[in-house]
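# Based on what follows, work out the 3D shape:
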Amino acid sequence: MVTDSPDKTDKFISEAFARRAEPIAGLSGSADAVAETCLAMARAFRGGGRLLVFGTGTAATDAQHVSVEFVHPVIVGKRALPAFSLAADSATVTGLASSVGLEEVFAHQLRVLGRPADIALGISGDGECPAMARALVAARELGMTTVALVGGSTESGEPGGAIAKHALADHCLTVQSNDPRVVKEGHVTLYHLLWELTHAFLEQPHAADPAQNPEPASDGITGLYPFLYAGEASVPDLTAEVAASARAKIAEIVDLRRAIGVAEAQNLAACAKALARGFADGATLLAFGNGGSSSDAQDVVHTFLDPGPSATARPALCLTNDTAVLTALSNDIGFDVVFARQLQAVGRPGDVVVAVSTSGGSANVLAALAAARKSGMTTVGFAGYDGGRMAEPGLVDHLFAVPSASVHRIQEIQTTLYHVLWELVQAELAHP
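Model (predicted):
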């Protein structure tokens, strides 16, 4: 096995983290484009627009993460902005896929729901998704502001694929990598920046809309972007300052990812060995979380259950997907039990439980971990700060705590951690 040799383990993990360094650091070259995109989004929101997000596969989990970022901001005091994911309604998506074809599922929704003032944001790992391409075309026909997050590199063709080549979006941001998981990690950084910087522009009346007053600046935003509040600047100067700050944020995430790769190497190896044993013995992975962590839990499941043609699928389920079960348990018993009760119903001894949280202190997450341990399941936790209550003895077998006070940086590193963990598990099972 890979983890039988510490040297092999260190080399494997070091290379896994190194593959991510250049593509993520390369986003600095798009900082000006990020700033321009955020300015356009801020103006659309000022004009009464809504954010409509879409993508297939793992990009569908991103679409849900983006929508919750804007509707339920992580910084206290920021107002909710209207956003929703076109990938979230499984009845509509599957119904349209059957009636008009998968390639039309988002375009159809945009034609019915969309307004000229809205923003259409599509996400694709390689820029070749027909459903996303058709949706962007439909959005443009409606007069909407269009944004695309794509991936790919010159090694296999045009960076950004057909969507970038044919300029199907007003604003196209590309993570230059052919590894879909690395692209995903870059997209997480990009849409976090989109949220932060769009709010920053909204607080500058002459940038977002010269005819309107600014929103009050919160302590959170002034802490993130203090230069915005030193006095009024011209729009070009303001955009340049925002782009410079975006570059600093990207450098921060690159440095933090590098440090985590070293600090968590042996923890990743031990966890991968435990998961590999579990899967070999017939275990199912059960993941859960709240808010943005809910969409991340969905991505954990997607990574194991639908890893692509070159890898073996492993049984995995996400406990946040069934809204009927979630709302029934919340209404009849209480939200604190929504995951624990599901584990009691579907979990078995030997299964693997993956809990995703930024604080490490969500009551329903902690209750589920306690229920899992009581039932003889292997528990894995992803948290931020110092791990919160997840770090209490006897609750989590394998804990990964990202030492950052930023929810966004925590989530970005967590995405890398569970992707690298997946790579290690695959290697373990391929070479028993």
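# Now for the spatially closest residue to Ala246 that is not a sequence neighbour, how many residues are close by?
Spatial nearest neighbour of Ala246, excluding adjacent residues (CB to CB, 6 or more residues apart in numbering): Ala31 at 4.3 Å. Every residue, glycine included, has its C-beta placed from N, CA and C. Counted by other CB atoms under 10 Å, the residues lying close to Ala31 total 21.
# Is Ala31 in contact with Ala244, as I believe?
Yes: assessed by CB atoms under 8 Å, Ala31 is found in contact with Ala244 at 7.3 Å.
# if I pick the residue nearest to Ala246, what's in contact with it?
Taking CB atoms under 8 Å, 6 or more residues apart in numbering as the contact definition, Ala31 lies against Ala243, Ala244, Ala246, Arg247, Ile250.
# Remind me which helix or strand it belongs to.
helix 31-46 (DSSP states H and E).
# in stretch 387-397, what's buried?
For stretch 387-397, a neighbour-count test (16 or more other CB atoms under 10 Å) marks Gly387, Gly388, Arg389, Met390, Ala391, Leu395, Val396, Asp397 as buried.
# So for the second one, what's the nearest residue that isn't a sequence neighbour?
In other words, Gly388. Setting aside the residues directly before and after it, Gly388 is nearest to Gly360 in space (CB to CB, 6+ apart), at 2.6 Å.
# Please state the backbone phi and psi of the one you found?
Per-residue torsions, Gly360: phi 70, psi 10 (degrees, to the nearest 10).
# That one and Gly347, how far apart?
21 Å (CB to CB, to the nearest Å).
# ok, now Asn321?
Asn321 sits at a distance of 16 Å from Gly347 (criterion: CB to CB).
# out of the two, which sits in the busier spot?
Legend: neighbour count by other CB under 10 Å for Asn321 and Gly347, higher for Gly347 (23 against 16).
# And the strands in this structure?
51-54, 83-85, 119-123, 145-151, 171-175, 285-289, 316-318, 352-356, 378-384, 398-402 (DSSP state E).
# Parallel or antiparallel, which strands does the fourth one pair with?
So the one you mean is strand 145-151. According to DSSP bridges, strand 145-151 forms sheet pairs with strand 119-123 (parallel), strand 171-175 (parallel).
# that older thread, include mean neighbour count when you put the strands of the chain into JSON lines, please.
Shown next, in JSON lines, are the strands of the chain (neighbours: other CB atoms under 10 Å):
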{"stretch": "strand 51-54", "mean neighbour count": "28"}
{"stretch": "strand 83-85", "mean neighbour count": "22"}
{"stretch": "strand 119-123", "mean neighbour count": "31"}
{"stretch": "strand 145-151", "mean neighbour count": "28"}
{"stretch": "strand 171-175", "mean neighbour count": "24"}
{"stretch": "strand 285-289", "mean neighbour count": "28"}
{"stretch": "strand 316-318", "mean neighbour count": "20"}
{"stretch": "strand 352-356", "mean neighbour count": "28"}
{"stretch": "strand 378-384", "mean neighbour count": "26"}
{"stretch": "strand 398-402", "mean neighbour count": "23"}
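# Tell me which of those sits nearest to Pro23.
Closest to Pro23 of these is strand 171-175 (CB to CB; 5.6 Å).
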